[in-house]
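[1] here is a sequence together with a model predicted from it:
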Amino acid sequence: LIKLIGGASTMAEHCDKWNYPFVRRDDSVVETRCGIQVRDCYRWLEDPDSEETTSFVKAQNAITMPYLAACPVKEKYHARMSDLYNYPKYSCPFKRGSRYFYYYNTGLQNQDVLYVQQSLQSEAEVFIDPNQWSDDGTVALGNCSFSENGEYCAYGISESGSDWRTIKVKRVDTKELLSDELKWVKFCSIAWTHDNNGFFYQRFPEPDTNSAGTETSQVLNQKVYYHILGNPQSSDVLCYEMTDHPDWLFGCELSDEGRYVILYIFRGAEPRNKLYYCDLEKLNYKIESILKMEKVADDEFESSYDFIANNGEIFILKTDYQAPRYQLINVDIRKPDKANWTTLVPGHDRDVLEWVAAINNDYIVLCYLKDVKSVMLLHNLSDGSYITDLPLEMGSITGYSGKREQTEMFYRFVSFLSPGVIYRCDLTKIPIKPEVFREIEVKGFDASLFETNQVFYSSKDGTKVPMFIVHRKGIKLNGNHPTLLYAYGGFSISIGPSFAVSRVIFMQHLNGIVAIANIRGGGEYGKEWHQAACFEKRQNAYDDFQSAAEYLIKEKYTSKDKLAIMGGSNGGLLVCCCANQRPELYKCVISQVGVLDLLRFHKFTIGHAWVTDFGNPDKDADFQWIYKISPLHNISVPPSDIQYPAMLLLTADHDDRVVPLHSFKYISQLHHVMRGVEKQTNPLMIRIEEKAGHGAGKPTAKIIEETADVYAFIAKNLDIDWQE
């Protein structure tokens, strides 16, 4: 435990190399938990709209931004990022009705543009261009959903990176924007009924409109509504709610033939859910009031259930029930008890079934994760029997399109060294053979000069953990290479191979090595891998990450003075925990939008959903382990001659998922503890972006500027020179 004191001495001010702003401490905010006095001296920073918080933001940026601007490689990195990032970016085409659609960015457009074409060979036209919505690119296009006949498109609009969406509707043939406008939508699916007259969606009660997007209040009481085209939102039909569980969330979709509404019920962010349905045929397809939902799977959030397809009353589900790496089962909804469930495709003993899609009426595509690399197979839907492999190299499937009634599918493959290959597969042709539909190239990057390897290292408790290592071919392992170590480790999210221009530049021009550690807490090996770093086992994720750093140093990839670590959101929590616990192991830490106050995360916006991984700090039993790892509450002066690594925290004023108060409070406490400590020569800084959120929808210009700042900070503190 550390003793928190208010104020600062004159000596401390003279010894403060960086002249960090003094931040007011309120020592009166004290709570006693389990016999421990917990001070929260910066609770006033939880108000994002106060004048004092606004002044805090300006004062911090006044220190950080000039420092970043003066970093030697900043301008070169920015110029190279602008050059290399300027390559065409395509999504998979997807067919709705008689037309094809796809997302495309010419290179440096702030937002991707949605195009429409009558056939794959015809000229494409712009359908929705979000770049026209704002001068600075901070208004983004969210999720899109097309009516069954492909004649209408409902889509979400997000401003300044906020999770809040406004849904609008557009005619496809005339591109006419209709009068429909649905507000207070967040974490929402859009599911059209097959009569094309309307759709289901989810929304919350209207918040304080003066602070929407920057508010910190909890987001509760999501409800399912049905909207009929042309009607005002006030007349939308309330279809489902759970007033006794205000923190639960919902999702909807329609079955293949449009008869069944499929309802997902989630408790927090855990990858487990309840599954219900409503038979619209029994209602004569009239939606006029609360829908009566029947159960498909209704255990106490013990397993995950994902609707894949149905043959009449037989539902095909992907589930981890009695299969920790997922299986496919048949459920007869007339006899939904588990005793009547049958296996269609059994679970694998090691590989994780990530997703499944029905195609060509009686086929299913199965995408597995095999040691964090994508594997695709084709099976029969009727009996689950194997048909063929769809061969892939070492990489990830990051896009797919294809519906059950369609005979073609598209999928997008990426790797650490490939920005994307889109394949098309015509399932009417035998033998089935995918063909390259579009290959994306980055001018100025020769992938043949680099290589990707996967290693398996031992964590503290002996668990074998996979890690990808990417670098130039032919390097000598002399312990002197600048290395960037990245991980996430939470919420069953897997971090597979992906292409990033920022990392390419780090390898090309800073002679860097990139390492991605697939630590516990993620979904790389299914339910058990995830749960091995939940609740009181959270420390396993941090041990895995620290062991990855030790491996890279031991095997002479790098040294402590050349090692930078980076993580975002849950990964931001990860790297700050590791900086607190092992400050001597790293030279530089980048924490992006991190969850850093683990005693109060659940009190703001959607934070209550994360108790399924972290635990509930209001419960004494959970408090015991949460307090030991909470980054904000475990800052102390390192022993001996050890100092904190150079640290750069990044957050945004419109992050209404991981609200910026986490980073505000952490940097304030860090400055307070280390102020006047003469050995602390590494900078401890925070970069606060305006008109930005958690990351989704961020305009290209902001991405390039932020990335240049981050890698300039890394280069300066690892003492790396730019190489042409």
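    Yes, it's here. Numbers count the residues shown, from 1 in each chain.

[2] show me what whichever strand or helix holds Val673 packs onto, helices and strands only.
    Using DSSP states H and E, Val673 sits in helix 661-674. In terms of contacts (3 or more CB pairs under 8 Å, 6 or more residues apart in numbering; DSSP states H and E), helix 661-674 is packed against helix 51-69, strand 646-652, strand 684-689. Quick note: C-beta positions are derived from backbone N, CA and C, even for glycine.

[3] got a markdown table for these, with distance to Ile157, mean pLDDT and mean neighbour count too?
    Listed next are those as a markdown table, based on distance: least, CB to CB, whole Å; pLDDT from 0 to 100; neighbours: other CB atoms under 10 Å:
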| stretch | distance to Ile157 | mean pLDDT | mean neighbour count |
| --- | --- | --- | --- |
| helix 51-69 | 26 | 95 | 15 |
| strand 646-652 | 18 | 95 | 26 |
| strand 684-689 | 20 | 96 | 23 |
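
[4] distance to Ile495 added to these, as a markdown table?
    Output for those, formatted as a markdown table (distance: least, CB to CB, whole Å):
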| stretch | distance to Ile495 |
| --- | --- |
| helix 51-69 | 27 |
| strand 646-652 | 19 |
| strand 684-689 | 23 |
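
[5] tell me where the chain has helices.
    Remark: helices assigned in the chain by DSSP state H are 10-15, 51-69, 74-84, 501-509, 527-531, 539-554, 570-581, 611-614, 620-629, 661-674, 700-718.

[6] out of those helices, nearest to Leu369?
    helix 527-531 (10.4 Å; CB to CB).

[7] so what touches that closest one?
    Identification of contacts with helix 527-531 by CB atoms under 8 Å, 6 or more residues apart in numbering yields 271, 320, 324-325, 491-492, 520-523, 537.

[8] and those as TSV, adding distance to Glu690?
    Formatted as TSV, these follow (distance: CB to CB, whole Å):
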residue	distance to Glu690
Pro271	34
Asp320	42
Pro324	44
Arg325	43
Phe491	28
Ser492	33
Arg520	36
Gly521	32
Gly522	32
Gly523	34
Lys537	38
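
[9] could you measure from Val442 over to Tyr321?
    In this view, Val442 and Tyr321 are 43 Å apart by CB to CB, to the nearest Å.

[10] that older thread, and the helices and strands packed on helix 661-674: which comes nearest Gly462?
    strand 646-652 (30.7 Å).

[11] which residues sit against that closest one?
    64, 161, 572, 579, 587-594, 658, 660, 662-664, 666-667, 670, 682-690, 692-694, 706, 709-710, 713, 717.

[12] and the angle from that strand to helix 661-674?
    Angle, strand 646-652 to helix 661-674, by axes from the mean of the first three to the mean of the last three CA atoms, to 10 degrees: 150 degrees.

[13] below-threshold pLDDT in this structure: ranges please.
    Residue ranges of the chain with pLDDT under 70: 1-16, 208-216, 654-655, 691-697.

[14] 50 instead?
    Scanning the chain for pLDDT under 50 picks out the ranges 1-15.

[15] is Glu159 in contact with Gly137, as I believe?
    No: Glu159 is beyond contact range of Gly137, at 11.2 Å (criterion: CB atoms under 8 Å).

[16] quick one: Ser234 from Lys183, how far?
    Taken as CB to CB, the span from Ser234 to Lys183 is 11 Å.

[17] which one of the two is surrounded by more residues?
    Between Ser234 and Lys183, counted using other CB atoms under 10 Å, Lys183 has the larger neighbour count: 14 against 5.

[18] nearest residue to Met566 in space, please, no chain neighbours.
    Leaving aside its chain neighbours, Met566 sits nearest to Ile590 (4.1 Å; criterion: CB to CB, 6 or more residues apart in numbering).

[19] what bridges to the one you found?
    Under DSSP bridges, the beta-bridge partners of Ile590 are Met566, Leu648.

[20] quick one, what contacts it?
    564-567, 575, 647-648, 650, 710, 713-714.

[21] of those residues, closest to Phe468?
    Once CB to CB is applied, the member of the contacts of Ile590 that ends up nearest Phe468 is Met566, at 14.4 Å.

[22] thought the closest one was touching Cys576?
    No: counting by CB under 8 Å, Met566 does not reach Cys576; the two are 11.4 Å apart.

[23] can you list residues touching both of the two?
    With contacts defined as CB under 8 Å, 6+ apart, the residues shared by Met566 and Cys576 are 589, 591.

[24] neighbour count: these two, which is higher?
    Higher neighbour count among Met566 and Cys576: Cys576, with 29 against 23, using other CB under 10 Å.

[25] that one touches Leu596, doesn't it?
    Yes: assessed by CB under 8 Å, Cys576 is found in contact with Leu596 at 5.7 Å.

[26] anything in contact with each of these two?
    Common neighbours of Cys576 and Leu596 (CB under 8 Å, 6+ apart) are 631, 666.

[27] for Phe307, give me its contacts.
    253, 255, 262, 275, 296, 315-317.

[28] coming back round to it: ok, the contacts of helix 527-531 vs Pro130, which is closest?
    Phe491 (27.9 Å).

[29] the closest one: how many residues sit nearby?
    Phe491 has 21 nearby residues by other CB under 10 Å.

[30] wait, what's in contact with it?
    269-271, 521-522, 530, 570, 610, 613.

[31] in CSV, list the residues you listed along with distance to Lys619 and neighbour count.
    Shown next, in CSV, are the contacts of Phe491 (distance: CB to CB, whole Å; neighbours: other CB atoms under 10 Å):
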residue, distance to Lys619, neighbour count
Ala269, 18, 20
Glu270, 16, 19
Pro271, 22, 18
Gly521, 20, 29
Gly522, 25, 26
His530, 21, 25
Asn570, 20, 24
Trp610, 14, 24
Asp613, 14, 23
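
[32] from those residues, which is closest to Lys556?
    Among these, and counting by CB to CB, the member closest to Lys556 is Gly522, at 27.0 Å.

[33] Phe604 is in contact with Pro660, isn't it?
    No: between Phe604 and Pro660 no contact is recorded; they are 10.2 Å apart, counting by CB under 8 Å.

[34] who's more crowded, those two?
    Neighbour comparison, Phe604 and Pro660: the larger count goes to Pro660, with 26 against 21 (by other CB under 10 Å).

[35] excluding chain neighbours, what is closest to that one?
    Thr651 (4.2 Å).

[36] what's the answer for Gly97, then?
    In space, Gly97 is closest to Gly150, 1.8 Å off (CB to CB, 6+ apart).

[37] if I look at the one you found, how far off is Asp426?
    20 Å.

[38] more neighbours: which of those two?
    Gly150 (18 against 14).

[39] now do the same contact list for that one.
    For Gly150, the contacting residues are 95-99, 172, by CB under 8 Å, 6+ apart.

[40] so of the residues you listed, which ones are in strands?
    Among the contacts of Gly150, the members falling in strands (DSSP state E) are 95-96, 99.

[41] count of neighbours near the closest residue to Cys576 other than its chain neighbours?
    With sequence-adjacent residues excluded and distances taken as CB to CB, 6+ apart, Cys576 is closest to Pro631, at 3.9 Å. By the measure other CB under 10 Å, the count of residues near Pro631 is 28.
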